[in-house]
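Peer 1: For reference, the sequence and a predicted model appear below.
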Amino acid sequence: LMSENIHLERDGRIATITLDKPKRHNAMDASMWQGIGDLMQECDGDAELRCVIIRGAGGKAFSAGADIAEFENERRDKAHALDYGVIVENGVGWIARCRHPVIAQIDGLCVGGGLGVASACDLRVCGESSRFGVPVKRLGLVEAHNEVAPLVHKFGANIALEILLVGDVFPVADAVRMGLVNKVVPVEELEAEGVQWAREILEKSPLAIRCLKSAFNADLDGQAGIQEL
């Protein structure tokens with residue numbers, strides 16, 4: 001179930017995954033959730049890689065989250081909703097589990113499941129015009145546990161509750177205050193900044209980087225030790 005709306009490119013030891021449905025602000029349908037999980041698993045298994053960048057196409061959005069246009073079919077009853085949830089969890093989960101550092105390169109709108117994808121990444125760099133949020137209350141929906149967990153674990157309960165309960169789309173200044181992003185740059189410098197970060201990671205010991213990420217994830221999960229590298 002690979003989607004034509006998500007693809008991977010390699011430049012040496014750097015892989016770039018592009019969410020490519022700009023007419024829908026890169027909203028993620030089921031095939032894209034499946035695709036990002038498959039591609040991240042592929043990256044995890046490639047020992048020659050050293051860093052992965054995730055970006056959105058079109059210059060207006062990283063991702064507007066799950067594509068609600070398909071909810072009537074894909075989530076039409078409990079059984080289908082559970083199956084859909086498994087696909088989403090697999091996609092987000094493989095971003096976090098990938099042995100290589102993952103950078104979210106955020107240009108424009110980053111909301112709902114798009115913020116979930118960005119939160120699962122290890123580092124986040126964004127353009128000055130980016131906007132964030134989880135405005136699901138306007139749709140009468142709630143976030144699943146696996147979608148909320150990265151917000152709570154990485155940014156704290158107070159921040160997660162503010163994002164979820166207030167439910168507004170907010171600007172970069174608030175994202176910086178909340179600690180959601182590591183760096184903000186002018187939009188025209190965003191792509192170069194993402195690549196520069198990846199190249200700086202390449203200069204470090206790959207084993208040390210993988211050990212650090214593994215230990216961090218184990219701590220978030222309440223586990224001891226370092227997973228298999």
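Peer 2: Nice, thanks for sending it over.
Peer 1: ok, residue 48 - contacts?
Peer 2: Neighbouring residues of residue 48 by CB atoms under 8 Å, 6 or more residues apart in numbering: residue 13. To be clear about C-beta, it is placed using only N, CA and C from the backbone, and glycine gets the same treatment.
Peer 1: show me what contacts residue 63?
Peer 2: Contact analysis of residue 63 by CB under 8 Å, 6+ apart lists 19, 25, 26, 27, 28, 56, 109, 110, 111, 113, 114, 117.
Peer 1: So what's the residue count around residue 107?
Peer 2: 23 (other CB atoms under 10 Å).
Peer 1: Next one, pLDDT for it please.
Peer 2: Residue 107 carries a pLDDT value of 97.
Peer 1: in terms of contact, does it touch residue 128 like I think?
Peer 2: No. Taking contacts as CB atoms under 8 Å, residue 107 lies outside contact range of residue 128: 10.1 Å.
Peer 1: Need the residues touching each of these two.
Peer 2: Here residue 107 and residue 128 have residue 187 as joint contacts, going by CB under 8 Å, 6+ apart.
Peer 1: Report all helices and strands that the helix-or-strand element of the chain with minimal mean pLDDT contacts.
Peer 2: Least confident helix or strand, the chain: helix 71-74 with a mean of 74, by mean pLDDT, DSSP states H and E. In terms of contacts (3 or more CB pairs under 8 Å, 6 or more residues apart in numbering; DSSP states H and E), helix 71-74 is packed against helix 78-97.
Peer 1: what sits up against the helix it packs on?
Peer 2: Outside helix 78-97, the residues within contact range by CB under 8 Å, 6+ apart are 28, 30, 32-37, 40-41, 44, 54, 66, 73-75, 102, 113, 116-117, 120-121, 144, 146-147, 150, 217.
Peer 1: In helices, which of these fall?
Peer 2: In this view, the contacts of helix 78-97 that belong to helices under DSSP state H are 30, 32-37, 40-41, 44, 73-74, 113, 116-117, 120, 146-147, 150, 217.
Peer 1: Would you indicate which residues of stretch 102-122 are buried?
Peer 2: 102-122 (16 or more other CB atoms under 10 Å).
Peer 1: now swap in stretch 180-196 and tell me
Peer 2: By 16+ other CB under 10 Å, the buried positions in stretch 180-196 come out as 180, 181, 184, 185, 190, 191, 193, 194, 195.
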